[in-house]
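> with the input below, show me the fold.
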Amino acid sequence: MIENKNQSRTSLEQLGEFGLIDHLTANFPTQQESTIKAIGDDAAVLSFDKDEKTVISTDLLVEGVHFDLAYSPLKHLGYKAVVVNLSDICAMNATPTQITVSIAVSNRFTLEALEELYEGIKLACNYYKVDLIGGDTTSSQTGLIISVTAVGKAKKEDLVYRNGAKDNNLLVVSGDIGGAYMGLQVLEREKQVFLVNPNNQPDLDTYDYIIERQLKPEARTDIKQLLKDLDIKPTAMIDISDGLSSEIMHLCTQSEVGCNLYEDKLPLDPQFISTCEEFNIDSTTMAINGGEDYELLFTISMEDFEKVKANPNLSIIGHTTPKDEGIHLITRANTKIPLKARGWNHLSNESGEN
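Here you go, the predicted structure:
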């Protein structure tokens, strides 16, 4: 058979992470009655019990793409690897219960190094009360690769998907945003200084909060109970891993709604703001495009405004609109500009359009 040397080749960067997933899985129909929700949300949903649903999500962390061991301690990395997966379970309004961990390592890693990694995994398991129930290890020629699968549970009526937002819902976010990205900028700067002068010891005390947001984030397992106590059922939910702008667009696209996001309502930590000023970069740009905050973004009915407005854990940052009105950022000057998804693109190794 003669090889066709004129075959067109499509780069992965062209598709982007979500485009690639959609492309590769388009022809995989569900075949089991127990599969309630497969690919397309923060986690899969399985049903083996009439009252309680099983929720599953998996993620890869690759050295040189998702983390740099020059400033990521292995213990912190193990903890973070668990957290980023538990966050997806939380984004379904579910409770994480188990994880599996698989790693691929090159021969430059010692047993002691892997013990440090697993000590961080253990700390996360103990803190979040999840069980490590399996995994795999293999060799790697490209450094360290970590794959974690998280399992969770929720009652059918409690589950929240990305596609349930309605027109005139309130857009709410937990915690504050942008800190993890600015923590990364500080670490990258100090790495460059160290490469020039290895004797230089960085003073990172003034950046402790945002660096912790990057190296040791936390999953918002508390939000499910908080909302239940407030008697609120979100209409749609997603976690903020790839940047607020990207996640808003995912939620709006799947819910077929538009959105107005208000610049003056964004919850920003003072340390984040001062670091943006030091780097001479716009805090709003960093807040809506920086990723890895692992906060939860969700929509609620307008009738729930009074329940949320004074809660210190939650911020109302906008509202949904009819789909044809589009997705916009309303600036402090009351200018309406189209919101662009410039969050993290896992396939380009840099920030860009998703």
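
> which of the helices or strands spans residue 260?
strand 258-262 (DSSP states H and E).

> who are the packing partners of whichever helix or strand comes after that strand?
Remark: after strand 258-262, the chain's next helix or strand is helix 270-279, criterion DSSP H and E. Judged by 3 or more CB pairs under 8 Å, 6 or more residues apart in numbering; DSSP states H and E, the packing partners of helix 270-279 are helix 179-196, helix 208-215, helix 283-289. Glycine gets a C-beta too; all of them are placed from N, C-alpha and C.

> you'd agree residue 154 is in a helix?
No - applying DSSP: H, G, I helix; E, B strand; the rest coil, one finds residue 154 to be strand, outside a helix.

> hey, what's it bridged with?
Beta bridges link residue 154 to residue 53, judged by DSSP bridges.

> tell me the secondary structure of residue 137, please.
Per three-state DSSP, the secondary structure class of residue 137 is strand.

> please apply the same query to residue 317.
Strictly by three-state DSSP, residue 317 counts as strand.

> from memory it sits against residue 264, does it?
No - using CB atoms under 8 Å, residue 317 is not in contact with residue 264, being 9.5 Å away.

> who has more neighbours, those two?
Taking neighbours as other CB atoms under 10 Å, residue 317 and residue 264 compare with residue 317 leading, 23 against 11.

> which one is that one nearest to, not counting chain neighbours?
Nearest non-adjacent residue to residue 317, counting by CB to CB, 6 or more residues apart in numbering: residue 265, 4.5 Å away.

> count the neighbours of the one you found for me.
Count around residue 265 with other CB under 10 Å applied: 13.

> one more: the one 4 residues further on?
Other residues lying near residue 269 total 18 when counted by other CB under 10 Å.

> do I have it right that it meets residue 208?
No - counting by CB under 8 Å, residue 269 stays clear of residue 208, with 11.4 Å between them.

> if we can go back for a sec, what residues do residue 317 and residue 264 have in common as contacts?
Shared contacts of residue 317 and residue 264, defined by CB atoms under 8 Å, 6 or more residues apart in numbering, are absent.

> still on that earlier bit, who's in contact with the residue nearest to residue 317?
315, 316, 317, 318.

> residue 145 versus the residue most central in space within the chain, what's the distance?
Centroid-nearest residue in the chain, with CA atoms, centre = their mean: residue 241, separated by 1.9 Å. With the distance defined as CB to CB, to the nearest Å, residue 241 ends up 18 Å from residue 145.
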